[in-house]
Structure formats: structure tokens, C-alpha cells
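Student: Below: sequence and its predicted model.
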Amino acid sequence: MVRIAPSILTSDFARLETQIHALEQAGADWIHLDVMDGVFVPNLTFGPPVISALRKVTRLPLDAHLMIVDPDRWIGTYRDAGADIITVHAEACPHLHRTVHRIRESGAQAGVSINPATPVSMLEEVLSDVDMVLIMSVNPGFGGQTFIPGSLGRIRRVADRIQEIRSGAVIQVDGGIDARTSREVVAAGADVLVAGNFVFSAPTMAEAIATLRRSAAEGLEQRPRPAPNRVV
Ligand code: DX5
Ligand code: ZN
């Protein structure tokens, strides 16, 4: 089943608890938390204190996307704040293998993300160690951007590689996800959809999430069937 992880980046920060409860009611599977430090990305959002507060108001998995430098310093802090999934950027981790294992040792699930210009080969040596790969389909830092079409080939390549090495990792896609792109990325191999603007700008969140689910189901139908075992 494809999971829907709305990003609160474009939500009303003055009413976060209400917005989280509305996402629960609307059928969100996870809550995607875009942590930005103003250094790794040209924007600054929130950190552990906000995540701790949100942990108290929802039982949904908290999916922390750390767009920060030196994430190693913060793994324990984000886990203690209540993050269930901690995703770091490969570009910010000189010792990525160790970082991934430290996330797992903290008790959180480990995600690794790559920006649109980062070769997918940068994931190769940790694909068997991570729980999730986050393919950025926009340049990180802001919501409401346009989906980068080249992301589809990247998703397919990572999905093929995950299948080849029998890694258990899932693929999350983040940026410009709407009714059309959700279908395309799922057909390419995405398992988790992050959507901010599409959810928070829709007439209702429930309608937006239902639309994403319908498109994802269509995308699953379009996935290439695994080659049937050849009968010789
Ligand atoms: C961008 C964030 C995304 C963003 C998605 O840096 O990582 O999660 O909020 O927003 P939309 O869905 O509006 O592109
Ligand atoms: Zn994100």
C-alpha cells in the first residue's frame, strides 16, 4: 500500500495541533516534518522542541526530514523528541554508513535523501542498510515548487537496484507531488508520497489525500509486471 505523508511545511504554524488533527481525520498515514537549518537549505523552519510538542498530540508516525548540516550531532535529540523515521541528506554526511547505523541504533527507522543533482549511485553502498530512500523531486527548501521530470528515471533506477540487491528499503518522493505526479512516481516505484502544497491548498485535506490515493492506485497498475518465470 502506498503511504501518504503530508508535509506541514505549508500548514498554518499558528494552528499546528489543529492542523495535525485535521490531517489525521483526512486519512494521512504519516506526518512529514521538514526540518531546515538555513545552512544546508536557504530556509529555516523548526526543530526538536516543535517535534516534541507534536509528539504529544498525535500517534501518527513522525517522519523527520533533516535538511541540516552535521545531522550526526542531532540523531539522539530528534529521536528523543519523538521522530519515528529520521532521514538525513547524503550530501551532508561524510560518514553516511555510520550515520545510518547510528539512526537505527537510536531506535528510529533510517532514511537517506539525495537532492536532484546528486547521482543515485551515492546511495549504492547504503541501500542494504537503510529503511527508506528519499528522492527529492524539487530542490529542497520550499514548498509549492514544480516537480522535476527527470526524477522519474531516478526513481526507476533506485527501485530496480533495490529489487536487484533485495534491499527492504522503501522509496519516498518529496516535492511537487499532485494528482498527476503521484501517479507517475508510483508507477516508477515510489512507496511513500510527501505532499505539502497539494494537501494544504485543496478545498479539503480529505479530498486531496483521497485523490493522491486514487492516483497512486492507478500508478501501481502501471508498474511493469515482474517478468513471469520463463517456462523452458
Ligand atoms: C521541500 C520539502 C518538501 C516540501 C514538499 O524542501 O522537503 O517536503 O515541503 O512540498 P510540496 O509538496 O508543496 O512540493
Ligand atoms: Zn521534505
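Tutor: Received it, and whenever you're ready, just let me know what you need. Computed from a predicted structure; not experimentally measured. Residues are numbered from 1 along each chain as shown. Ligands and ions are numbered 1, 2, ... in the order given.
Student: Please report phi then psi for the closest residue to ligand 2 within the chain.
Tutor: Evaluated by CB to the ion, the chain has H65 as its residue closest to ligand 2, separated by 3.7 Å. All C-beta spots, glycine's among them, are computed from the backbone N, C-alpha and C. Main-chain torsions, H65, degrees, to the nearest 10: phi -100, psi 100.
Student: can you pull the pLDDT of it?
Tutor: Per-residue confidence at H65 stands at 99 (pLDDT).
Student: residues in contact with E218?
Tutor: E218 makes contacts with 183, 186-187, as judged by CB atoms under 8 Å, 6 or more residues apart in numbering.
Student: Give me the three-state assignment for P203.
Tutor: coil (DSSP: H, G, I helix; E, B strand; the rest coil).
Student: quick one on the thing from earlier: can you tell me which of the contacts of E218 has the most neighbours?
Tutor: V186 (27 neighbours; other CB atoms under 10 Å).
Student: Mind exporting the C-alpha coordinates of the stretch of helix or strand that one belongs to to CSV?
Tutor: Per DSSP states H and E: V186 is located in helix 179-188. Provided in CSV are the C-alpha atoms of helix 179-188 (Å, rounded to 0.1, in the frame of the first residue of the first chain):
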residue,chain,number,x,y,z
ALA,A,179,-2.8,14.2,-8.8
ARG,A,180,-0.6,13.7,-11.9
THR,A,181,2.9,13.3,-10.5
SER,A,182,1.7,11.0,-7.7
ARG,A,183,0.5,8.5,-10.4
GLU,A,184,3.8,8.9,-12.3
VAL,A,185,6.1,8.4,-9.3
VAL,A,186,4.2,5.4,-8.0
ALA,A,187,4.4,3.8,-11.5
ALA,A,188,8.1,4.4,-11.4
